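>>> My questions concern the predicted model and sequence given below.
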Amino acid sequence: MKQIVLISLIFLTLISCSQSEKTVTQYVNPFLGTAPLQDSIDCGYNPPEDWRVWAGLTYPGATLPNAMVQLSPITEWHSGAGYEYEDNVIYAFTHTNKGHWNLCHIPVLPVTEDFTATDFGSEFNHDNEAAEPGYYRVKLERYGIDVELTSTLHCGYHKYEYPKGKPQNIVFNLSKSNERVRDWNIEQEGNNVIKGFQQTGDKIYFYAETNRTIVNLETTGDGRDEVAVVSFNDTETGEALELKLALSFVSIENAKQNLEAELAGKSFDQVKSEASQTWENLLSKIQVEGGTEKQKSLFYSSLYRSFLWPALRSDVNGDFTDASGNVVNKGFRYYTNPSLWDTYRNKLVLLGMLSPDITADVIQSLIDKGEKTGFMPTFFHGDHAAPFISGSYLRGIRNYDVQSAYQLLLNNATKEGGTRPHIAEYMKKGYISTPEVENPHVESKAKAGVTKTLEFAYDDYAVALLAEELGKQDDYEMLMKRTSNYKNLFDPSTGLMRGRLENGDWVPHFNAEYPYYEYMYREANAWQSSFFAPHDTKGLISLYKSEDEFEQKLDSLFTIPWNSSHIARNVSSFIGQYCHGNQPDHSFPYLYTFIGKQEKSQMYLDSIMNRFYGMGEWGNALCGMDDAGEMSAWYVFAAMGIYPYSPADDDYIVSVPIFDAVKLDLGEQSEFTITKRNDGRKINDITIDGNRLDGYFVSYDQLKTGKELIILAE
């Protein structure tokens, strides 16, 4: 009897332990980044009336890593990601999303009765809403409909529980998206198929099957308020209405093939389970030990956000519509352009670490687009496909046409009329001049000449690294000479980077604290721009009289209070002049390490991680735009204790992790552990597999071939 009791206790203990162990996806909070910043202290200023400070601009809906479909609720059209946590009305569930005021295609919403073409949204409550990777649910209170959503790479899967006895309708609001809708069409095929397209900048086709008989399809309203209403046969069985909707950027027939390949014969629960497992397989490539529950949640939520963009644009059969508008099939998966200005800094490095096959196809997609124009594409500012491709190549990702990539990047660096504006002036003068503007303000238009000069110098370095790898010595030497061009804008009288007029004089009436969108600097002020030389930080430091003077200047970056009257919408959340709410200065906390003051770098890294993630009333705000995962990837790397300080290079700067151990699965049976010894934040010693590290940088090859990095901190 005692043995039976003992066995039962052991069995119950094992069950309890099993149930208490979380999967990594259980730590993910898809609502992180959906809430606003409301506190003026968090923002750094008092937001003007009717401003919503950008605090993530993320979406909570169902998607897979780098998928075509992002199936998510819309609470406000033409907002960053369509969903704002403080809202209480859902207007649609859309099938594409990024978080940049665009996309949000093919909007649908289940309804019952008493609605019109201009009034069919439903109130909802966060108590009846939940999300996890690959899944979202909510109750539409107006109609009493329980909604569940899941997805595959190309398809959204909707499950609607209507109240018994109520009409069962779905509104297709194809005249709306976060982009201007030029045309749309919807039609019925057979008893249970709806198909059509929505034309914005792209033409997005859809093919949808339901488990119900369609009894009516009609349009109502007019102009931009015209909607299509699909009605279904009433049922007393209590069976949920299911809608399987596939997308294609090629054709309706391809959308149908996508649906058949990914959803044929599958139940909602099966697809939800597969989506969850897909995310678990990816996110569990990094396992952490130690840390608080909040830190683990922020870590895995940030890791999750790092793998949503770029998005797939080719179909299951490999077809895609290229940059010339032709339907082609070239044997690789075709992706949207990455948000290069934002994500080259860290997110694309993380993509390469955990998804090298996707990274290779993203690069080949860029090449395919570049071959149509003669120039490698960019995004927003700079020429940052250069560090993305160079760094990826040096880390061993090479399954793409590197010779074509190199030629396109060289064209960018040497030919006017392409990716780099004012490149002729840059080559002639060694800098891009700033026009004199009387009383410039935040939105004054100009060249952003300081930022361009600094970024072009770094991009030159990235292309030079690739030239050296490919044996193009003359190009390497030419480009390396240009990598010091950043020094041409260093003003010794201020110790900062400052705009020069066309005649070489300094821009007068210089205010280092004033932020600009593109006058002298890009979305930054002088303080947030002046320490950017990740390829030549020692050279940057040498511009000052001594390391002590450099340290004092760096101290000023973090201690001169932000002037709350200086308001730029996407420049928010400060430590002194340092702005973590936007990208330009995200590497600057690491600069103290270069002058032997690693503990000061660590102090600011810890402060940023503790203060600027999971902010606000609901704990769901970030300190600025997530920008397709850049803000998130910063946290992932800083929390792990390695950061791609110069993403064009294949090494990482070491800091103290917030976890006791971080285990990395880098593929090909390569597993690496970062171990923290002691609870201090000042590094005393760094070893790899028992060998002491000289300095604070570890190479990707050491991560890939080694076993353990031990960081001894006091």
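All right, it came through fine. Numbers count the residues shown, from 1 in each chain.
>>> In this structure, where is pLDDT below threshold?
The chain contains residues with pLDDT under 70 at 1-20, 235-237.
>>> Show me what the longest helix along it is packed against.
Of all the segments of type helix in the chain, defined by DSSP state H, the longest one is helix 449-469. The contact analysis (3 or more CB pairs under 8 Å, 6 or more residues apart in numbering; DSSP states H and E) places helix 449-469 against helix 385-394, helix 402-414, helix 423-429, helix 473-482. Any C-beta I mention is one placed from the backbone N, CA and C, and that applies to glycine too.
>>> how about it as CSV, C-alpha atoms only?
Provided in CSV are the C-alpha atoms of helix 449-469 (Å, rounded to 0.1, in the frame of the first residue of the first chain):
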residue,chain,number,x,y,z
GLY,A,449,24.0,66.0,-45.0
VAL,A,450,25.7,65.1,-41.7
THR,A,451,23.8,61.8,-41.3
LYS,A,452,24.3,60.9,-44.9
THR,A,453,28.1,61.6,-44.7
LEU,A,454,28.5,59.5,-41.6
GLU,A,455,26.3,56.6,-42.9
PHE,A,456,28.0,56.6,-46.4
ALA,A,457,31.4,56.4,-44.8
TYR,A,458,30.2,53.3,-42.9
ASP,A,459,28.5,51.9,-46.0
ASP,A,460,31.8,52.4,-47.8
TYR,A,461,33.5,50.3,-45.2
ALA,A,462,30.9,47.6,-45.6
VAL,A,463,31.4,47.4,-49.4
ALA,A,464,35.2,47.5,-48.8
LEU,A,465,35.0,44.4,-46.6
LEU,A,466,33.1,42.6,-49.4
ALA,A,467,35.6,43.8,-52.0
GLU,A,468,38.4,42.4,-50.0
GLU,A,469,36.7,39.0,-49.6
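>>> centre of the chain versus it, how much separation?
Averaging C-alpha positions (CA atoms, centre = their mean, to the nearest Å) puts helix 449-469 23 Å from its chain's average.
>>> Next, the angle from it to helix 402-414.
150 degrees (axes from the mean of the first three to the mean of the last three CA atoms, to 10 degrees).
>>> List the buried residues in helix 449-469.
449-468 (16 or more other CB atoms under 10 Å).
>>> Stretch 154-172 now?
Neighbour-count burial for stretch 154-172 [16+ other CB under 10 Å]: 154-162, 168-172.
>>> how far out from the middle of the chain is that stretch?
Distance, centroid of stretch 154-172 to centroid of chain: 31 Å (CA atoms, centre = their mean).
>>> what distance separates the start and the end of that stretch?
When the termini of stretch 154-172 are compared using CA to CA, to the nearest Å, they are 19 Å apart.
>>> Please dump the helices and strands packed on helix 449-469 into a markdown table; it should also carry mean neighbour count for every row.
Listed next are the helices and strands packed on helix 449-469 as a markdown table, based on neighbours: other CB atoms under 10 Å:
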| stretch | mean neighbour count |
| --- | --- |
| helix 385-394 | 27 |
| helix 402-414 | 21 |
| helix 423-429 | 17 |
| helix 473-482 | 16 |
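>>> And the contacts of stretch 490-507?
431, 433-436, 449-450, 454, 486, 488-489, 510, 512, 520, 526-527, 529-530, 532, 543-544, 549, 553 (CB atoms under 8 Å, 6 or more residues apart in numbering).
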